[in-house]
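Enquirer: coords below, sequence missing:
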């Protein structure tokens with residue numbers, strides 16, 4: 001799974017525990033039978049990149065944000081906005 005996560009991640013390197021969190025989400029959803037996961041992390045932890053990688057792994061899904069300002073921030077990020085187009 002590690003090579004898949006590395007290939008799907010939208011950036012060149014991981015921040016903090018992003019890699020571990022992505023693998024935990026994938027295991028929970030696709031191997032352990034969970035229907036939902038919650039990622040609770042502080043601002044700046046890189047939750048958007050984690051969520052984008054999980055969506056790419058699933059190959060189907062949607063991404064929502066609680067605020068217009070976060071959506072604008074995501075669309076302004078060159079690496080992440082590429083993922084939204086398409």
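Expert: Arrived safely. Nothing here was measured: the structure is a model prediction, and the numbers come from that model.

Enquirer: which stretches of the chain have low pLDDT?
Expert: 1-2, 79-86 (pLDDT under 70).

Enquirer: show me where it has helices.
Expert: In the chain, the helices defined using DSSP state H lie at 2-8, 18-30, 47-58, 68-76, 78-84.

Enquirer: centre of the chain versus the longest one, how much separation?
Expert: In other words, helix 18-30. Its chain's C-alpha centre and that of helix 18-30 lie 10 Å apart, by CA atoms, centre = their mean, to the nearest Å.

Enquirer: does anything pack onto it? Which helices or strands?
Expert: helix 2-8, helix 47-58 (3 or more CB pairs under 8 Å, 6 or more residues apart in numbering; DSSP states H and E). Every C-beta, even on glycine, is put in place using the N, C-alpha and C of the backbone.

Enquirer: that one: which residues count as buried?
Expert: 18-19, 21-23, 25-26, 29 (16 or more other CB atoms under 10 Å).

Enquirer: quick check, nearest of the residues you listed to residue 6?
Expert: Of all those, residue 6 sits closest to residue 19, with 8.0 Å by CB to CB.

Enquirer: residues near residue 7, how many?
Expert: Residue 7 has 10 neighbours, counted by other CB atoms under 10 Å.

Enquirer: measure it to residue 43 for me?
Expert: With distances taken as CB to CB, to the nearest Å, residue 7 is found 27 Å from residue 43.

Enquirer: ranking the helices and strands packed on helix 18-30 by burial, who's on top?
Expert: helix 47-58 (a mean of 19; mean count of other CB atoms under 10 Å).

Enquirer: distance between that helix and the chain's centre?
Expert: Taking CA atoms, centre = their mean, one finds the center of helix 47-58 at 2 Å from the center of the full chain.

Enquirer: same question for stretch 48-64.
Expert: So, by CA atoms, centre = their mean, the centroid of stretch 48-64 is 5 Å from its chain's centroid.

Enquirer: could you do stretch 26-37 as well?
Expert: Distance, centroid of stretch 26-37 to centroid of chain: 15 Å (CA atoms, centre = their mean).

Enquirer: do me a favour and get the end-to-end distance for it?
Expert: When the termini of stretch 26-37 are compared using CA to CA, to the nearest Å, they are 9 Å apart.
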